[in-house]
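[1] Below: sequence and its predicted model.
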Amino acid sequence: MSRFVYFLLISNMTANLIAASPRIFFAKSEEGAIVTMIIALFFGVFMNWALITSFKAFPGKSLPQILSLYLSKWITIPALFILGVIWYVSGLQTLITYIDILLRFLTPEMSVYLVIAMFIPVITFGVIMQSRNILFTLELVFVLAFPAAAYYIVKLYFAEQVSWDHVGIAMTFIDNPPDYTVFTTAIYLFAGAFDIIIFNSLLNKKMTFGIKQALIVFFLGAFALFTTYFIPIGVLGFDQVENIMYPWILTSDSIRMKFGVIERVIFIFLLLFLAIAFLNITIHWHVACQLFQSAFGIEHMKMKLRKKASLITVVMVFWLIAFYTTLKITEYDLFFYSKYYFNTIPIIFIGLMVLMLVVNRRAKS
Amino acid sequence: MNMDEATRHIEPPAYYTRLATRLEPTADIVKKTLKSRGRVVHLLYLKSVVDMMQLQEIVVKPFYEMSAEQNFSEYIQSLPYETKMPTGDEEILIEITKGNVFVMIDKQITLLELKIVAANAVQEAIMEPTIHGPQLGLSESIETNINLMRQRYHKPSLVIEPMQLEDASNRNIALIYDGERVNLQLLKKIRKRILTLDVELVQASGDLQYYLNNKKYSLFPTSLLTERPDRILHNMAVGKVIILVDGSPHAIIAPTTFFDFMLSMEDAYYSFWVVSLIRFLRYAGLFTCIMLPSIYVGVTSYTPEVLRTELAMTVAASRIGVPYPSFIEVFFMLIFIELLTEASMRLPNSISATATTVGGLILGTAAVEAALTSNIMVIVVSLVAISTFVIPISEMNYAVRVCRFLLLLYTTVFGLAGMILGMLGLLLYLVNKDSFGEPYLRMFWKNRQEELKVDDS
């Protein structure tokens, strides 16, 4: 696998901390969250294997290109459109959550319009950039954020506020039957690599998914799931964690840097996750934008001007919807709809894999 | 003039006269006809650019010492000073203005390069000084500069490709590259860019670099201007193209990446750990000088709770009595420091020291005492000013100074989160930029040799 696929995977895993996933886990902490996460871990590795293997035969081609080669328009266009919506909502979810977090924890006196306006120029620029440059940005942000992220993780695991007894209590609920929503939420952590449905056009080398890659994905996923679930339980306590709106922010705020210029770890967390959220939104919306464009057949348009106009239209629609939903949606709604969104993920995954199976068959014959 | 002389006087050929009349109005034109024992040679040159001593030694003296005309013509042809004969009157005239001597023997014409260049002294490296590297930079003559390259790079694959700009001054420029290492696609692109330039007048490498950039409103430089031969070779050895302009002591290096601008040649002359420390300082300086003013605004005006309580108190205490919000304070002080920098650069050395002292020390202290600005702000601004100069290349230095203001604006409107987003935006802008088709900013995990050849893997 190309290093960029790992970056995409990791960026999705980390972005989940600020989304609704931890809350969904904690809500079911006495109803089979742990066993479901273990199942999801294996399924997540399987998902990545299935994805990479199905794209193996088409190095340097994105999903729209592959579909248009082997399938009729009647299947391609709706499929691309649905995928576009899914990817758009994924970015939107992160955007709304992060705007809410900013308003609540960093700049409470700022107006919501101003906070949205802050994102518009930067993310728009990112979305309309070339795919290649987005991958480069991803890599650079990773390199720049790595010291802070590593420090943050070490600080979390070695903080004295983490009570491992509570983690032990949580572990005792391992024997409950699994839960569907927790399963879908947990496998969403592994969905980062699915961005290659667009970025695959840049990955010219043939990718393989062997034991080594499977182990890397497995350990990354295990670490991400373990951290997401158990650290807040350790810090906030097993009994109360399910009542907290943003468990991860309170977790970060419980930890202090005794000798730092910045005393509260939460600010490192917020600013670090601003970069992660930004990447997450940019990547997802870029993929969505490309999917919509190919769904409407804009890619084949001759005139450059028209292509640009369509791009602007798509991005404008993106922002209009984002503006409307951010203003309208409440925190409860966000949690509620996120669950619905996560629940559709397996269906989309199966649909995509069926498509790829058909395409692979046709490509072989 | 009596009859006898009139018969002996040989009319100059029509072609020669035509060229001469084209040059006529200028005062330094010399038309000379050498005659001896029935042999005639016509010379045409500009005495201001031709080395008279050489002309005397090489052309005039042998003419009177040789016996037959045939021999002299062959002698002229065999001289190492001969320039390639261009086609067309206009081109020949340009060659003459460059310091060539036009020699006409019967129907045979030759151009001899006997030019004299006053400004061929190699200058000391001023903008990019190093302690251990070569102390001298380039000169203002293209020949001397090429000589400097050859002196340091003995390889038959070193190609020097002379070109002439189509601007008002018909400036000589030269592309220099290692034929074995250069990327041919890139070379073609640069050549095309130079040939399609449509500009009034190119004075030096600086404006040629700007025109090559091809974008009017671009902030960051996409090619590097240097005065150091070692930097030139360092870049040439990895397959980049060097452009020299006659009359300019700077060379253009293209294409460049962001990291090239953060490289000082000193890095090559020290041991690993020392260089690591210096590089760390340099990048820390880069981030400081871009972000520190914005952090100050974000922290004092939006989210003071970011800092630990004691520090937040100190900052707040030092701002007591300052009558306006922090962003005005920062803008005011930054503009002040920019003025100081600009003034000390334009002034002669002896006065600039006074200006800096008066501006920096006296006014700084007075501003704090008058409660126009806080103590901490003075520290912030001085830190910013100092760390700006850690960036080794002055164009990047300027670009960063502009960026600082843009980021400050974004932070003023949106707070600390705006600062991080602004930095990400800057990152996006840089990543999205390209220099002659090469990505401007990306992580290079491979070594420099492979840098230009990497395919996206």
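    Sure thing, it's come through. These numbers were taken from a predicted model, which means no experiment stands behind them.

[2] For chain A, what is the nearest residue in the stretch 101-250 of chain B?
    Residue of the stretch 101-250 of chain B nearest chain A, by C-beta to the nearest C-beta: B:L219 (14.3 Å). Where C-beta positions appear, they are placed from N, C-alpha and C, glycine not excepted.

[3] so how far is B:G99 from that residue?
    40 Å (C-beta to C-beta, to the nearest Å).

[4] and the two? which has more neighbours close in?
    Neighbours per residue, other C-beta atoms under 10 Å in any protein chain shown: of B:L219 and B:G99, the larger number sits with B:G99, 19 against 15.

[5] so the closest residue to the more buried one other than its chain neighbours bridges to which residues?
    Spatial nearest neighbour of B:G99, chain neighbours left out: B:K115 (2.5 Å); criterion: C-beta to C-beta, 6 or more residues apart in numbering or on different chains. Applying DSSP bridges to B:K115 gives these bridge partners: B:V50.

[6] Contacts for the one helix or strand B:S344 maps to next, please.
    Following DSSP states H and E, one finds B:S344 within helix B:326-346. The contact list for helix B:326-346 (C-beta atoms under 8 Å, 6 or more residues apart in numbering or on different chains) reads B:293, B:296-297, B:300-301, B:319, B:322, B:352, B:355-356, B:359-360, B:363, B:367, B:372-374, B:377-378, B:380-382, B:384-385, B:388, B:401, B:404-405, B:408, B:412.

[7] I'd like to know which of those residues are buried.
    Neighbour counting over the contacts of helix B:326-346 (16 or more other C-beta atoms under 10 Å in any protein chain shown) leaves B:293, B:296-297, B:300-301, B:319, B:322, B:359-360, B:367, B:372-374, B:377-378, B:380-381, B:384-385, B:388, B:401, B:404-405, B:408, B:412 as the buried ones.

[8] Where helices are concerned, which of those residues count?
    Residues of the buried ones among the contacts of helix B:326-346 located in helices (DSSP state H): B:293, B:296-297, B:367, B:377-378, B:380-381, B:384-385, B:388, B:401, B:404-405, B:408, B:412.

[9] Out of those residues, flag the one nearest to chain A.
    Out of those, the member with the shortest distance to chain A (by C-beta to the nearest C-beta) is B:T412, at 11.9 Å.

[10] Which residue is the nearest non-sequential neighbour of the closest one?
    B:F327 (4.3 Å).

[11] Tell me, how many residues neighbour the residue of the stretch 251-365 of chain A found nearest chain B?
    Nearest residue of the stretch 251-365 of chain A to chain B (C-beta to the nearest C-beta) works out as A:E263 at 3.7 Å. By other C-beta under 10 Å, 19 other residues sit near A:E263.

[12] Surely it and A:R256 touch.
    Yes. The pair formed by A:E263 and A:R256 meets the contact definition of C-beta atoms under 8 Å, at 5.8 Å.

[13] Which residues of the stretch 51-200 of chain A lie near chain B?
    A:102, A:106-107, A:110, A:114-115, A:117-119, A:121-122, A:125-126, A:129-130, A:132-133, A:135-137, A:139-141, A:143-144 (C-beta under 8 Å from any C-beta of the partner chain).

[14] Can you select the buried ones among these for me in ChimeraX?
    In ChimeraX, selecting the buried portion of those, with burial taken from 16+ other C-beta under 10 Å, looks like this:
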select /A:102,106,107,110,115,118,119,122,125,126,129,132,133,135,136,137,139,140,141
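
[15] Next SSE downstream of the host helix or strand of B:V30?
    Following DSSP H and E, one finds B:V30 within strand B:29-36. Proceeding N to C from strand B:29-36, the next assigned helix or strand is strand B:39-46, under DSSP H and E.

[16] And that next one, what's buried?
    B:R39, B:V41, B:H42, B:L43, B:L44, B:Y45, B:L46.

[17] Need the pLDDT of the third one.
    B:H42 is assigned 86 on the pLDDT scale.

[18] The first one too?
    In this prediction, B:R39 carries a pLDDT score of 79.

[19] for the stretch 251-400 of chain B, which spans come out with low pLDDT?
    Residues of the stretch 251-400 of chain B meeting the criterion pLDDT under 70: none.

[20] err, chain A, not the other one
    Low-confidence segments of chain A (pLDDT under 70): A:297-305.

[21] remind me, longest helix of it?
    Max-length helix for chain A by DSSP H is helix A:331-364.

[22] List of residues touching the strand holding B:V30?
    B:10, B:12, B:20, B:23, B:40-47, B:60, B:63-64.

[23] again, only using 6 Å
    B:A20, B:L23, B:V41, B:H42, B:L43, B:L44, B:Y45, B:L46, B:K47, B:F63, B:Y64 (C-beta atoms under 6 Å, 6 or more residues apart in numbering or on different chains).

[24] re the thing from before, next, find the distance separating the residue nearest to B:G99 from A:A150.
    Distance from B:K115 to A:A150, by C-beta to C-beta: 62 Å.

[25] who's more crowded, these two?
    B:K115 (19 against 10).

[26] isn't that one right up against B:S48?
    No. B:K115 is beyond contact range of B:S48, at 10.2 Å (criterion: C-beta atoms under 6 Å).

[27] Tell me the secondary structure at residue 80.
    All of this refers to chain A. Secondary structure, DSSP: H, G, I helix; E, B strand; the rest coil: A:L80 is helix.

[28] Chain B is the one I meant
    coil.

[29] what about it, distance to chain A?
    51 Å (C-beta to the nearest C-beta, to the nearest Å).

[30] got it, and B:V306?
    Taken as C-beta to the nearest C-beta, the span from B:V306 to chain A is 5 Å.

[31] and that residue, how many neighbours?
    B:V306: 22 neighbours (other C-beta under 10 Å).

[32] Need the nearest residue in space to it, chain neighbours excluded.
    With C-beta to C-beta, 6+ apart, the residue lying closest to B:V306 is A:F267, at 4.8 Å.

[33] What is the neighbour count of that neighbour?
    21.

[34] ok, now the one 3 residues further on?
    By other C-beta under 10 Å, the residues close to A:L270 number 25.

[35] got the contact list for it?
    A:L106.

[36] Double-check that it belongs to a strand.
    No. Counting by three-state DSSP, A:L270 is located in no strand; its state is helix.

[37] what's the angle from the helix or strand hosting B:M419 to helix B:375-388?
    Following DSSP H and E, one finds B:M419 within helix B:394-432. In terms of direction (axes from the mean of the first three to the mean of the last three C-alpha atoms, to 10 degrees), helix B:394-432 departs from helix B:375-388 by 90 degrees.
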